[in-house]
Each structure stands twice: as C-alpha cells, then as structure tokens.
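# Test case, fold it:
(2 chains)
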Protein chains: 2
Amino acid sequence: MKTLKVVKIGGKLIEDEAKLSSFLKDFAALEGPKILVHGGGNLATEIASRLGYETKIIDGRRITDQNSLDVIVMTYGGLINKRIVAKLQGLHCNAIGLCGADGRSVISIKREIKEIDYGFVGDITEINIGFINSLLDEGITPVFSAISCTKEGELLNTNGDSVASEIAIAMSGHYTTQLNFCFEKRGVLADAKDDSSVIPVLDRKDYESLKEKKIIGEGMLPKLHNCFNALDKGVSNIYLGDFTLLKNDSECTKIGK
Amino acid sequence: MKTLKVVKIGGKLIEDEAKLSSFLKDFAALEGPKILVHGGGNLATEIASRLGYETKIIDGRRITDQNSLDVIVMTYGGLINKRIVAKLQGLHCNAIGLCGADGRSVISIKREIKEIDYGFVGDITEINIGFINSLLDEGITPVFSAISCTKEGELLNTNGDSVASEIAIAMSGHYTTQLNFCFEKRGVLADAKDDSSVIPVLDRKDYESLKEKKIIGEGMLPKLHNCFNALDKGVSNIYLGDFTLLKNDSECTKIGK
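Prediction:
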C-alpha cells in the first residue's frame, strides 16, 4: 500500500509567519499523497474580542455559542484556511481548502448536553473516504480546518487533533497512514520546563506510567489519547514535533504500540 | 450536450435569511449539473467597520487594501461560503465551497495600477475546467466565493458577476451553459423607480439604445456588459431576476443576442 501522510499543525505555529512559511515549504515538498489539518491558534479569540463577543469559559472549557462559531468559521474556515491554500499553490502544491461540510467530508453529531452545554461542538461520526480518495487520486492535497458538519447541515466546532486522527484512521484501509502532529514543542517532554527533554519513543506502557506520575501535562493528555486511539485503529506511524518535523524527524517523539 | 446551470446570487439577497433559504431550496432542487457563485452583500463592510478598519473609496470605487482583503476572505470565503454549503448539505445537495485558490479553480492577475491603485483586486485569466468538470462528474456542486488567486499564490478580491460569467464561458465547451443572475430586482427595469417595469427580453440593440438614453442604471451596466460578453463567448442562455428566478422564470429578463 502507498503511504499517506496526514499532518496536523496547531497552536502558536499558525500565528508565527516565519515558522508557518518554513513548515508549508516542507509540507509542499513532501512526496506522495498528503493531507493537512490546521487549528486556528488564538486568532479566533482575538477577532471575537475585537468584534465585542465575550468568550464563555465554564470549568476551564471554552463554550462555542453562535457568535463564537461564526468567528471560528470566519477565521479557521476562511482566513487561515484560504491563506494556507494560496501559499501552497504558490509552492506548486495543488491544495484545496475544506471544512467538514465541503463534499460531506467530515460528518459529526452535536455533543450531548450532560453537566456542561459546550454549544456548537461536534464529535466526528464519519469521514467521507471516497471523496478524499478521489481528490488524492487527482493529485490534489486537502487542507482541512477543524470544522465539521452534521448530516442536517449544521456547522460545528471540532477538535483539530481529532479531525486529523479520524481522517488518518479512516484512510488506513487504503493507505499505510502516517500521522504527524506539529506544534510548539519538539515532542513529548519528560520535563515540561526543559525543551530538550524530548522523549524519543513513547509506548502505551510508558504513557500510562508517565500519566500516573503526572509527568505529562494536561494539554498533552488528549493529544496522546488521540495518538494511541489512532494506533489501535490502523494508523501505522505517529510522530510529534515542532515546525521542522517534516524535514527532520530525528528530534521528535515517535509513538509506539 | 448536457445543460449546466451557473447561478450567481448577490446583493441584499445574501443578507435576507428568509429569501436566501427560499432561494437555496430552489437551487438544491435544480436537476443536473449546477454551480453557485455568491457575493457577500454588506457583511464585509460591516465586519470591517466593527474591526476598526476604514473602507477606502476613491472616485466611488472601493479600494481593497490588505485589511479589506482579509475581511473579504473571512466573510465571503469563510462565513458566507461555508454557511451556504452547510445549508445545501442539509437540503441533500452535495456542495463544496471554493475560492479561486482551491484546486487552482479561478486564476487571476492583479489589476494593473493606472490612475487608481485598486489594491488586491484580480482580473480572471483562467478557469480550471478539468477540476470543475471532475467535481460535476462526481455529482458535487461547486459553490464559489468571489475570490481568485494568482499563479504565485496571492488571493485577490474579484467581481462576482465576472466569476460567474467566466466560469459559464469556460464550461460552454463541455455543456450547454445557462447563466442566471439573481439579485434584488425582478429583472432589468425600463423604469428604475417602477419594480414592475421588467423588460422581458433584452438584446444588444435594445441595450445600446437604453444605455444611450441613460435608462439603465449605473449599477446595471457592468452586469449587462458581462452578460453580452458571455453570450458572445458561448453561453447559451442568460436570465436576470430575483430570488424566485429558479422556480419562476416567467417574470424576469432574458438576454438575447
């Protein structure tokens, strides 16, 4: 089977013009089929605040009300997505920007209200493999913003790591899939205060042990949960690293079974 | 040859939720291959003003500076485009939202600076017929925002009527193309103050005569220029009307050669 690289970029990488450009150059140069998934950094929060919208946070969790959703669709689905696509075109990578509604590519259901109503937040139920495959077969590179859509046509804010890993899982029936998470750090750190303490290989046993000892930070836990879930469900290789990950995977964290 | 319907919606239609919904229902129900092109109404101006950006106008023409372009990409390419796509999905029309950068679909060059520097404004040089055809062949309905892209990867603000007519012209080698312009009025009016004075058929001779007599309003002239250009270049039928045009073409203006 051919290898498909699914690459997620997030966090502050999106906001750092120089790092983003360097990353996109490496991404455009990758050979073979590839998919990019991006988050939005803090731009949505900034735009929301400038538009006079309040950001609602309950128990440390951001609530996506109608105004927040509109800002997310504008900034992630619009500005950031189209800027990335245009830059990739300039780098001779024939990209196409997508949210989950486009071609019914990422279908979700609205998160059930339990203790907290998270608002317009979606959990992915289906990836349109046929559609994504037909784009890849034509040499087109999908660039996904982290927005999904219900079957009834409602846009929903969705975790970018989940979009990346669900796509990688879904495509693993047709490809040997490699998942790459690019973010601020050079990998998973053994000591959150020491950027050079990158753990080179992390398997589930190590992960459980580090989790128990509370060595892995709060923000890292859902990312790693996503990783092990993806490995269990058919993804072949997973790497975590910074914006140089695609050209230099010697200084990153590889997730092992 | 099969018939392809290219439909442009613009002006205040975009901002009127009830009329837009009614229009999208009719659009979704159209049989056969179809393409939607949308403008953005006044939302970009409103968002720009709320973000504190000044709208620059020289000689009555809007100038697209970097801030204006960002807002246009956010609102037209993001919010409006994705909302329309999601609504169409809810109506069982498998739509895909595109700007010109996506799949290199609408390529342009930046408008030359003569007396006025219009800023980031593009004039279309190329439509990616193969890409659009491959979407249509898969039963996918492209929904274009009025944004194009240079070969070098620069996003440019582009006239929505031109996007619609250039696409219709380009596709007329493969299809019998029908171009529909939906806007506030029920058609081209013989008396701008009388909404019922719709001219049922307008040919070039009538147009030149009405233009000379200054019966046709300023805003209508570029739209009609686009129409006759499209007819000359292979588009078969052109209709202008309001949001009910797709289900009721008896009360509209048909452009004749």
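# Which residue, neighbours along the chain excluded, lies closest to A:L79?
Nearest non-adjacent residue to A:L79, counting by CB to CB, 6 or more residues apart in numbering or on different chains: B:M74, 4.7 Å away. The way it works is simple: take the backbone N, C-alpha and C, and place the C-beta from them, glycine included.
# who's in contact with the one you found?
A:47, A:74-75, A:78-79, B:47 (CB atoms under 8 Å, 6 or more residues apart in numbering or on different chains).
# Of these, grab the buried ones for PyMOL.
To isolate the buried ones among the contacts of B:M74 in PyMOL, judged by 16 or more other CB atoms under 10 Å in any protein chain shown, type:
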select buried, (chain A and resi 47+74+75+78+79) or (chain B and resi 47)
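# want to throw the contacts of B:M74 into CSV with secondary structure, pLDDT and distance to B:D191?
Listed next are those as CSV, based on DSSP: H, G, I helix; E, B strand; the rest coil; pLDDT from 0 to 100; distance: CB to CB, whole Å:
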residue, secondary structure, pLDDT, distance to B:D191
A:I47, helix, 93, 44
A:M74, helix, 96, 40
A:T75, helix, 96, 45
A:G78, helix, 97, 40
A:L79, helix, 97, 43
B:I47, helix, 93, 35
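# now the contacts of B:M74 as a markdown table including distance to A:G139?
Below are those laid out as a markdown table (distance: CB to CB, whole Å):
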| residue | distance to A:G139 |
| --- | --- |
| A:I47 | 34 |
| A:M74 | 30 |
| A:T75 | 29 |
| A:G78 | 25 |
| A:L79 | 26 |
| B:I47 | 35 |
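# Let me know the closest of the contacts of B:M74 to A:D232.
Closest to A:D232 out of these is A:T75 (33.0 Å), distances taken as CB to CB.
# Quick check: the closest one vs chain B, distance?
Taking CB to the nearest CB, to the nearest Å as the measure, A:T75 falls 6 Å from chain B.
# Let me know the distance separating that residue from A:Q66.
15 Å (CB to CB, to the nearest Å).
# next one: A:A146
18 Å.
# A:A101 too?
16 Å.
# more crowded one of those two?
Counted by other CB atoms under 10 Å in any protein chain shown, A:A101 and A:Q66 do not tie: A:A101 has more neighbours, with 34 against 10.
# any idea which helix or strand carries A:K5?
strand A:3-9 (DSSP states H and E).
# Now the element after that strand, going C-ward?
Following strand A:3-9 toward the C-terminus (DSSP H and E): helix A:17-29.
# Just checking that following helix against chain B, any contact.
No - residues of helix A:17-29 are not located near chain B by CB under 8 Å from any CB of the partner chain, the shortest gap being 10.0 Å.
# elements contacting that helix?
When contacts are defined as 3 or more CB pairs under 8 Å, 6 or more residues apart in numbering or on different chains; DSSP states H and E, helix A:17-29 sits against strand A:3-9, helix A:81-90.
# switch to 7 Å and redo it
Applying 3 or more CB pairs under 7 Å, 6 or more residues apart in numbering or on different chains; DSSP states H and E, one finds that helix A:17-29 makes contact with helix A:81-90.
# hang on, the earlier thing: orientation of the strand holding A:K5 relative to helix A:17-29 in degrees?
Angle, strand A:3-9 to helix A:17-29, by axes from the mean of the first three to the mean of the last three CA atoms, to 10 degrees: 170 degrees.
# what lines up beside strand A:3-9 in the sheet?
With DSSP bridges as the test, strand A:3-9 is paired with strand A:34-38 (parallel), strand A:176-182 (parallel).
# Adding mean pLDDT, write these out as TSV.
Converted to TSV, those look like this (pLDDT from 0 to 100):
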stretch	mean pLDDT
strand A:34-38	98
strand A:176-182	97
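# how much space is there between the closest residue to chain B within chain A and B:I80?
As assessed by CB to the nearest CB, chain B sits closest to A:G78 within chain A, at 1.8 Å. Per CB to CB, A:G78 is found 9 Å from B:I80.
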